[in-house]
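Colleague: how does the following fold in three dimensions:
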Amino acid sequence: MGYAEVYKSAKDDPEAYWLDQAQAIDWVTAPQQALFDKGNNLYEWYADASVNGCYNAVDRHVENGRADQAAIIYDSPVTDTKETITFAQLQTRVAALAGALVAQGVTKGDRVIIYMPMVPQAIEAMLACARIGAVHSVVFGGFAAHELAVRIDDCTPKAIIAASCGLEPNRVVHYKPLLDEAIAQSNHKPGCCIILQREQEICTLVEGRDLEWNAAIALGTPAACVPVAGNHPAYILYTSGTTGAPKGVVRHTAGHLVALNWTMKNIYNVDPGDVFWAASDVGWVVGHSYIAYGPLIHGNTTVVFEGKPVGTPDAGTFWRVISEHNVRSFFTAPTAIRAIKREDPKALELKKYDISCLSALYLAGERADPDTIVWAQDVMGKPVYDHWWQTETGSTIAGNPAGLETLPVKIGSPTVPMPGYNIEILDEAGHPMPTGELGSIAIKLPLPPGTLPTLWNAQERFITSYLTHFPGYYETGDAGMIDEDGYLYIMARTDDVINVAGHRLSTGAMEEVLANHPDVAECAVIGISDPLKGQAPMGFLCLTKGVDRPHSEIASECVKLVRDQIGPVAAFKLATVVDRLPKTRSGKILRATMVKIADNEPFKMPATIDDPAILDEIKAAMQTVGVATG
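Modeller: Purely as a prediction, here's the structure:
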């Protein structure tokens with residue numbers, strides 16, 4: 001069947017469709033029913049089943065002829081280390097670590113926080129939890145002590161698995177002092193901490209609480225897989241940018257196994273045995289779905305990469321990894337491709353490597369601007385597929401189902417809704433918008449398997465955050481439109497749709513125009529308060545390496561571009577050149593924080609900011625064009 005037939009079958013009879021897809025998973029007790037309506041617009045999938053996530057990701061492949069296939073390829077240019085771990089070796093290592101947790105009293109349902117860099121042991125820690133039915137919560141390695149403490153208090157872990165340090169291109173990030181300080185700040189105290197000592201930094205262990213990795217393993221015996229109910233939480237993942245009370249997205253075990261397995265072939269077009277690489281971090285949802293679980297569940301080899309798109313050592317490192325490890329399908333964020341483009345605009349580094357093994361590049365995590373997509377297509381000679389999803393959904397909401405049917409690419413659109421996602425564009429009152437008009441993107445309930453059923457210890461907050469604004473729908477928080485061919489366009493977060501003299505305008509549309517300027521490598525547009533028009537747009541421009549022209553000249557050209565292509569209605573008059581944009585560690589531009597600076601409003605330093613010093617640079621840039629930031 002092609003895309004249209006599959007989408008229709010999932011929409012017409014979701015019960016039958018998702019029971020059929022569940023046959024690809026190995027069950028202890030197979031589901032007899034797919035969807036369970038819990039009332040109050042709350043749903044669960046495969047709640048009557050019994051299953052184990054680690055068995056599906058590891059043990060079944062060992063038993064079914066893939067024991068000697070590479071499960072993980074570890075490539076770390078920052079430590080000059082490479083390692084290949086087979087499924088059989090992974091099974092041994094995970095069972096041993098799971099046994100170490102059991103020896104420390106961790107049982108089914110207990111929470112375990114994982115605070116690790118991009119090393120294979122981070123994946124092993126996740127799988128070890130899944131093996132014994134513990135619920136893991138990965139916190140991005142190097143996260144500030146206060147933010148880690150907040151998460152410790154929210155999910156009350158029995159144990160924490162951490163490393164002594166993480167490594168950036170020019171520095172060592174000291175994890176252990178951050179962990180110690182977080183535990184000191186938190187009201188809840190974990191029973192034990194298992195610490196991976198990295199040779200780049202050997203940390204001090206707290207007597208009676210901390211155990212070195214191998215010493216902890218020596219105290220236990222290898223653990224078997226423990227069956228859990230289909231609606232047993234596999235993990236809790238706190239959304240990036242969390243302020244105040246943390247927002248812990250819950251992922252149920254069975255739904256996430258079925259959904260991720262489905263996506264590996266139908267979206268990413270890989271077959272079991274192929275090498276799949278998601279250049280992300282285990283601290284983010286992409287790392288959960290497409291470094292740790294998705295590829296391994298499907299029988300693929302996954303790449304664990306410890307490095308950066310540029311600077312480890314150069315802008316060719318991604319191409320080297322693809323060529324060297326025979327990567328078939330590659331997934332990264334647009335910000336990574338923009339960094340490479342800015343550093344190496346003519347793609348000279350790419351010419352050193354043979355990437356003929358690669359079938360396609362997949363982009364997600366933020367809006368993929370057309371300029372970046374066109375550049376990547378041109379230099380790689382490969383299809384580039386934008387696709388859109390969220391931490392809450394765990395996998396693609398809208399994409400190009402390349403393994404099912406390759407649909408024509410429309411640059412600027414992540415293509416079409418995936419099976420199970422009934423997407424509508426609504427106005428503020430919840431009425432459907434006409435084709436081609438901008439509105440709030442909402443998804444008719446129930447959401448498909450693998451999506452969040454609730455928030456950890458915060459069901460009321462889940463209902464008010466996602467289900468209340470548009471009754472009967474999940475509110476995505478994104479704004480966009482659907483064209484006459486059913487293609488979805490994500491224009492901005494709902495907060496980034498600005499109101500200029502009564503006109504609702506997308507900052508994303510303006511960014512697309514600015515990105516087309518030949519000297520602009522990356523850009524952001526925000527709406528700042530204007531006494532006359534309500535809001536006025538302001539553009540921030542990062543230039544391509546090697547551009548040596550007056551910044552005021554480039555800014556003027558960009559203002560003219562927006563006025564020519566969007567029109568005077570945009571009232572686009574403010575643009576300034578900056579060296580870099582404030583971002584989270586996952587690459588999202590902190591537009592809301594920039595708005596608060598421009599409007600002279602108090603703001604909390606975002607927990608996930610990559611470099612706090614950049615906010616002073618942004619403030620200074622605003623002042624140069626007359627924005628009174630206070």
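Colleague: contact partners for the nearest residue to P446 once chain neighbours are set aside?
Modeller: Sequence neighbours aside, Y43 is the residue nearest to P446 in space, at 4.1 Å (criterion: CB to CB, 6 or more residues apart in numbering). Any C-beta I mention is one placed from the backbone N, CA and C, and that applies to glycine too. For Y43, the set of contacting residues under the criterion of CB atoms under 8 Å, 6 or more residues apart in numbering consists of L35, F36, D37, L445, P446, L447, P453.
Colleague: are any of these buried, and which?
Modeller: Burial of the contacts of Y43 was assessed by neighbour count (16 or more other CB atoms under 10 Å); the buried members are L35, F36, L445, P446, L447, P453.
Colleague: picking that back up, quick one: strands adjacent to the helix or strand containing the residue nearest to P446?
Modeller: Y43 belongs to strand 42-45 when elements are defined using DSSP states H and E. Based on DSSP bridges, the pairing partners of strand 42-45 within the sheet are strand 35-39 (antiparallel).
Colleague: output the strand it pairs with as CSV - backbone C-alpha positions only.
Modeller: Extracted in CSV, the C-alpha atoms of strand 35-39 (Å, rounded to 0.1, in the frame of the first residue of the first chain):
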residue,chain,number,x,y,z
LEU,A,35,-6.6,1.4,22.4
PHE,A,36,-7.9,2.0,25.9
ASP,A,37,-10.1,5.1,26.5
LYS,A,38,-9.6,6.2,30.1
GLY,A,39,-12.1,9.0,30.0
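Colleague: is W456 in contact with T239, as I believe?
Modeller: No - using CB atoms under 8 Å as the test, W456 is too far from T239 to be in contact (11.2 Å).
Colleague: which SSE is immediately downstream of the longest helix seen in the chain?
Modeller: Counting residues, the longest helix found in the chain (DSSP state H) is helix 87-103. Elements were assigned by DSSP H and E; along the chain past helix 87-103, the next helix or strand is strand 111-115.
Colleague: what's the next secondary structure element after that following strand?
Modeller: Sequence order places helix 120-132 as the next helix or strand after strand 111-115, per DSSP H and E.
Colleague: how far does stretch 396-410 stretch from start to finish?
Modeller: Using CA to CA, to the nearest Å, the span of stretch 396-410 from its first residue to its last is 17 Å.
Colleague: ok, and what's touching it?
Modeller: Residues beyond stretch 396-410 that count as contacts (CB under 8 Å, 6+ apart) turn out to be 1-3, 6, 263, 265-270, 359-360, 362, 364, 383-390, 414-418, 421, 423, 443, 476, 483, 485, 487-488, 490.
Colleague: since we're on W213, how many residues are nearby?
Modeller: Applying other CB atoms under 10 Å, we find 21 other residues in the vicinity of W213.
Colleague: state the pLDDT value of it.
Modeller: Predicted confidence (pLDDT) for W213: 98.
Colleague: name the nearest residue to it, ignoring sequence neighbours.
Modeller: Across the structure, with CB to CB, 6+ apart as the measure, the residue nearest W213 apart from its sequence neighbours is L196 (4.6 Å).
Colleague: quick one, phi/psi of the one you found?
Modeller: Recorded main-chain torsions at L196 are phi -80, psi 110, according to degrees, to the nearest 10.
Colleague: A524 belongs to a helix, doesn't it?
Modeller: No - when the secondary structure is assigned by DSSP: H, G, I helix; E, B strand; the rest coil, A524 falls in strand instead of a helix.
Colleague: how near is it to M116?
Modeller: Counting by CB to CB, to the nearest Å, the gap from A524 to M116 is 31 Å.
Colleague: and for Y385?
Modeller: Going from Y385 to M116 by CB to CB gives 30 Å.
Colleague: what does E484 give?
Modeller: Look at E484 and M116: by CB to CB, they are 47 Å apart.
Colleague: those two - which one has more neighbours?
Modeller: Comparing E484 with M116 by other CB under 10 Å, the one with more neighbours is M116, at 27 against 7.
Colleague: find me the pLDDT at the residue nearest to the more buried one when sequence neighbours are not counted, would you?
Modeller: Sequence neighbours aside, A122 is the residue nearest to M116 in space, at 3.8 Å (criterion: CB to CB, 6+ apart). A122 is assigned a pLDDT of 98 by the prediction.
Colleague: what of the one 4 residues further on?
Modeller: Note for M126: predicted pLDDT of 98.
Colleague: tell me the mean pLDDT for stretch 277-288?
Modeller: pLDDT averaged over stretch 277-288 gives 95.
Colleague: just how off-centre is that stretch within its chain?
Modeller: On the basis of CA atoms, centre = their mean, to the nearest Å, stretch 277-288 is displaced by 6 Å from the centre of the chain it belongs to.
Colleague: got the end-to-end distance for it?
Modeller: 13 Å.
Colleague: same check, this time on stretch 591-610
Modeller: Stretch 591-610 has an end-to-end distance of 14 Å (criterion: CA to CA).
Colleague: hmm, back to that, and W456 and T239? Which one has more around it.
Modeller: Neighbour count, other CB under 10 Å: between W456 and T239, W456 has more, with 24 against 16.
Colleague: torsion angles phi and psi at the residue of the chain most remote from its centre?
Modeller: Using CA atoms, centre = their mean, the residue of the chain lying farthest from its centre is L532. It sits 38.6 Å away. According to degrees, to the nearest 10, the main-chain angles of L532 amount to phi -90, psi -50.
Colleague: sorry, back to before: now the longest helix of the chain against strand 111-115, angle please.
Modeller: 120 degrees (axes from the mean of the first three to the mean of the last three CA atoms, to 10 degrees).
Colleague: can you tell me which helices and strands helix 87-103 packs against?
Modeller: Taking 3 or more CB pairs under 8 Å, 6 or more residues apart in numbering; DSSP states H and E as the contact definition, the neighbouring helices and strands of helix 87-103 are strand 70-76, helix 120-132, strand 192-196, helix 213-218.
Colleague: where does the stretch 451-600 of the chain have low pLDDT?
Modeller: Along the stretch 451-600 of the chain, segments meeting pLDDT under 70 span 494-496, 501-502, 504.
Colleague: residues making contact with the longest helix of the chain?
Modeller: 54, 58-59, 61-62, 66-69, 71-72, 85, 112, 121, 124-125, 127-129, 131-132, 134, 159, 194, 211, 216-217, 219-224.
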